[in-house]
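[1] what follows is a predicted structure for the sequence shown.
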Amino acid sequence: MEPAEILSNPGGAIGVGWLMIVLPLLGAAVLLLGGRRTDKWGHYFGVLMALASFVVAALVFFQLLGFAPGERRRGVSLYEFIPGVADMGLLIDPLSVSFALLITGVGSLIHIYSIGYMSHDHDRRRFFAYLNLFVAAMLLLVLADNYVALFVGWEGVGLASYLLIGFWQFKPTAATAAKKAFVVNRVGDFGLLVAIFIMFTSFGSVAFGEVFAKAGAESQGTITAIGLLLLLGACGKSAQLPLQSWLLDAMEGPTPVSALIHAATMVTAGVYLVVRSGAAFFPGEGTASLVVTIVGVATLLAGAIIGTAKDDIKKALAGSTMSQIGYMMLAAGLGPVGYAFAIAHLISHGFFKANLFLGAGSVMHAMNDQVDMRKYGGLRKYLPITFITFFIGYLAIIGFPLLSGYFTKDGIIETTMEHNAILGWLAVVGAGITGFYMSRLVFMTFFGKARWDEGVKPHESPAVMTWPLILLAIGSVVLGAFLIVGNRLMIFLGPAVGRPEELPEFHAVSPVGLATLALVALGAAYAWLKYGRQEVPAVAPRGSVLTTFARRDLYGDALNEALFMRPGQWLTRLAVWFDNRGIDGLVNGLAAGIGGTSGRLRRIQTGYVRSYALSIFVGAAILAGAWFVVGTL
Amino acid sequence: MNTITAPAIEYLQLAPLLIVFGAGILGVLVEAFAPRYLRRAMHIPLTLLSLAGAFALVIVQTIKGVPTKPSAMGAVAVDGPTLFIWGTILVLAFISLLLLNDEDHFVPAASAVPGSAEEERALIEGNVHTEVYPLALFAIGGMLLFPASNDLLIMFVALEVMSLPLYLLCGLARRRRLLSQESAMKYFLLGAFSSAFFLYGTALLYGYAGSVDLAKISTALSANVGQDALLFTGAALLGVGLLFKIGAAPFQAWKPDVYQGAPTPVTALMASGTLVAAFGALLRVFWVAIGELDWDWSPIMWGVAILTMVVGAILAITQTDIKRMLAYSSIAHAGFLLVGVVAIGDAKQNATALAAILFYLAVYGIASIGAFAIVTMVRDAGGEAWHLSRWAGLGKRSPKLAGLFAFFLLAFAGIPLTSGFFGKYAVFQAAVAGGAVQLVVVGVVASAVAAFFYVRVIVLMFFNDPAPDGPTVVLPSWGTASVVGFAALATVVLGVFPQPVLDLAQSAAGSLFVR
């Protein structure tokens, strides 16, 4: 089934859909411009704006449900800068609204959680301002009806991410990590930009509707080029190979940031981009789609392997995020049959990964900001709520039957299997490794003996932090079944991204599913042997070559340094030299030339009225003479 | 004996004109009969109300429907473009008069020798020249008639009615008196000189066509009478008179001197109102009377446009007086507008180009009044801080004012999200559609050169240290403050939401000039 037509603005909540973006933007503006005056109530204001945005998103969602499925794509024109070239509007359709609900829903919970988490930080107001800015930019990204506005949102979330990773910029590591995230993202952004340029020259427009309509008639080469460049952008934002290196360092930011931006929402923007552009550029066959699936599988394995070796709880989770987004990418590369699974996994992942990160934050809160899991142990008795919610999130991510991840991840694996068996089995292996590293993480943190530093007295977090955990845990349990059983999400998204004519059937028991479960159980059991039953050494053992390989993030940084950083530095020096010698000489020479001409011409302006009159006379003579010449030709 | 029949005059169509002239005459009566201390209090409401009333009538006329044939026995054409130009001029005149209203711009006794005891005495007595109000009204009336005239003689009369009061007003600056008087003298002499060209051109064209009516001249062209010498010389000389008024090169020499010497509010009025009126008249002559001849005059206009843009942009670079710099900037902008004049073609192309020019005129006029209003507020001991070096570091002392000035400069440079961007964009787009791509390339290059001297002032204001004895920023009167506020607001709004005014200009231009 092809995507539906984009219809006109029906008014109502959809007509004021821009409020979703404007409200958090207002929050950011008030908090940033208001300065210290808003310190007392700033965080509440920030939460209020996020919640209000959620309410609008919910209203839009329900209004959309009121239309027949084929009429659920609505364009809301907001502003025409240069008509036909740079217009601004929103595209409210099932896909964008799903994202809006996820962003504002999970975003609001994380805002609330942050009240407690950041209560001791004297810059809490600034933190909330940036969070609001992020929510606004992310909503612009998913709600925009054209690539340029999407790009503005894209850069906006990049900025918010930069500001929030470096929020504690007094720590040199945080400042460096922020810079690294920014630079690596730039590579991806470049790809997205060039893709937009090509679209504009090929189709004369950057609006989704027009681009998709005209893409069918374009040559395959152009379509593939645009697809690959879009994928480059998606790789940067979603930390996919080869642009994955920034995500692990991004964990330097406060934990709610890791949960909101670097797990639940921003890093999934790449998946959004691929699915949104899918109908035109990633139809499930052809080079671009194939590359998407390969990138997805490579990343899901790489992330999982990195996750096995990390002792820092947040970095282990970050590896897991990479890996899970790899699954989404893989699904998105499968064409219409995969889009819904990608988005379903994205939404349920948004919940359980936010749940896990916030749980990790709660643990850190209890352990004086200690992140090394070797210094944890036996925490389940001391942090009961955190433990239970975390454990639910854990079961969801490893794909324990009947929890969210079971439905969504299994859907991806089964669909891949039909598409390409090699990729499918690799995805199964990835699921097994997930079972290992997540179990390792849980056993090291909540089971075994206490290996705490001296003076640490773990305590459960305040209600403002535990309630979001509970809500997210509920989502982690039920969302998967809700979205997948009966193909609910696939039918809902159909009008926006298209869907296969024959809906896939969900098998509760299938050979592939059983194989996956078996591998996951194996992974979990191995983790129990190594980290549950045995004593966990307080200092990491040296480990084998493979362990080092995983600990060093698969040598991604070393590779980047050797391949890009050092040659880049040389190139920079060369460019500076060339700029100083060549370009500056030309530019300065030109400027001096114009300035000199100006100085000489100025002398004509003598100030004597007689010479002015003479110039008029001569001018008139030339004019009349020229007229004769032209006229009699 | 022949009986003379009274001409049929459409009074309602001409009402905006009549109101402004009537108010001018009333102003003279006030000067003659009202006691000195009451005059100002009477002039201000009279002047502002008459302009507002005329503006209201223009709107009424627009809503009622645009007349499709010339009024007053074919002498005056109140058509779509005229109504748009009238509306623009009236708005520009209104805000210029708010600026003019600050009496300390004008000399207490114009007839006194500069620096004499007599002048000193008049200053102490607190004399003011309230004549500036009726003078300005007459000039504005002339500006209204000039682009509306459908007949070369009426156009000449309008030209003089517009110019003569301006010559006087130029000489009335309170400070730098000698410069002011010199500028008035120069403007007068050169203006008279160019008027002579205009009149001579009119006479030659009469000789060619047997009429001074624009439509009849146009008809005579199609009849091809075959006295090309008369036609070419006449049209060229007429062109000289008109190009002089807009300050196109090589007839631009007066502009910097006059803009510099005139009281700044008068400069603002000239930089906006006169330019709009003169462009209206230029378009009417070149598109209506000799529009058929565009194959002949287009290449010449190309040359003039290029020369004007280049001279304006390049000479502005080395200026040190802020008003002279703005004068050269105005010359460059006249060149950009001429690019639009060249974009003549079929009816649809003409409507596009005309709409672009009208929009450009409106937004440029508003921005330049705003810029000159700010110039009046930055003062040294001896009056306005004219030397650019005195503006160094202004951004650190009064960031708001410097920010606004920077904003107007960016609008002149045509940076997106200011109204200037759309003005330039529309004109250049029309010219490209009209096939004048090379001209647009020159225009863009000249814009780049022009951006240099605009941005240089911004750098000077924000990135240089203020001089210890730097100029002070006076607290603006309500008039000046509202002028700056209005101009800034209009420049922002038209830069972000230009569509309503663009649509208005398009519908005004859609009917083209009546014949």
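    Everything's here; your move.
[2] and the residue in the stretch 401-550 of chain A that chain B sits nearest to, how many neighbours?
    At 30.2 Å from chain B, residue A:496 is the closest residue in the stretch 401-550 of chain A, using C-beta to the nearest C-beta. Every residue, glycine included, has its C-beta placed from N, CA and C. Residue A:496 sits with 26 neighbouring residues when counted by other C-beta atoms under 10 Å in any protein chain shown.
[3] which of the helices or strands spans it?
    Following DSSP states H and E, one finds residue A:496 within helix A:488-497.
[4] for residue B:380, the count of nearby residues, please.
    15.
[5] pLDDT score for it?
    pLDDT recorded at residue B:380 is 83.
[6] over to residue A:51?
    So, for residue A:51, pLDDT stands at 91.
[7] distance-wise, check the closest residue to it other than its chain neighbours relative to chain B.
    In this structure, residue A:51 finds its nearest non-sequential neighbour in residue A:108, 5.0 Å apart by C-beta to C-beta, 6 or more residues apart in numbering or on different chains. Per C-beta to the nearest C-beta, to the nearest Å, residue A:108 is found 31 Å from chain B.
[8] mind checking what helix or strand follows the helix or strand hosting residue A:108 in sequence?
    Element membership for residue A:108 (DSSP H and E) is helix A:94-117. Of the helices and strands lying after helix A:94-117 in sequence (DSSP H and E), the nearest is helix A:124-143.
[9] so what touches the biggest strand by length in chain A?
    Across chain A, the longest stretch assigned as strand under DSSP state E is strand A:74-82. For strand A:74-82, the surrounding residues in contact (C-beta atoms under 8 Å, 6 or more residues apart in numbering or on different chains) are A:6-10, A:14-15, A:17-18, A:64, A:87-93, A:145, A:209, B:425, B:497, B:499.
[10] helix or strand right after it?
    Heading C-terminal from strand A:74-82 (DSSP H and E), you reach strand A:86-92.
[11] where does the stretch 1-150 of chain B dip in pLDDT?
    Low-confidence segments of the stretch 1-150 of chain B, defined by pLDDT under 70, are located at B:1, B:103.
[12] please redo it, this time with the cut-off set to 80
    The model of the stretch 1-150 of chain B has pLDDT under 80 over residues B:1-2, B:102-104, B:126.
[13] packing partners of the helix or strand that the helix holding residue A:496 is followed by?
    Next in sequence after helix A:488-497, counting helices and strands by DSSP H and E, comes helix A:511-527. The helices and strands touching helix A:511-527, judged by 3 or more C-beta pairs under 8 Å, 6 or more residues apart in numbering or on different chains; DSSP states H and E, are helix A:384-398, helix A:404-419, helix A:421-446.
[14] and among those, the most buried is which?
    With neighbours defined as mean count of other C-beta atoms under 10 Å in any protein chain shown, the helices and strands packed on helix A:511-527 peak in mean count at helix A:404-419, which reaches a mean of 25.
[15] off-centre distance for stretch B:161-173?
    14 Å (C-alpha atoms, centre = their mean, to the nearest Å).
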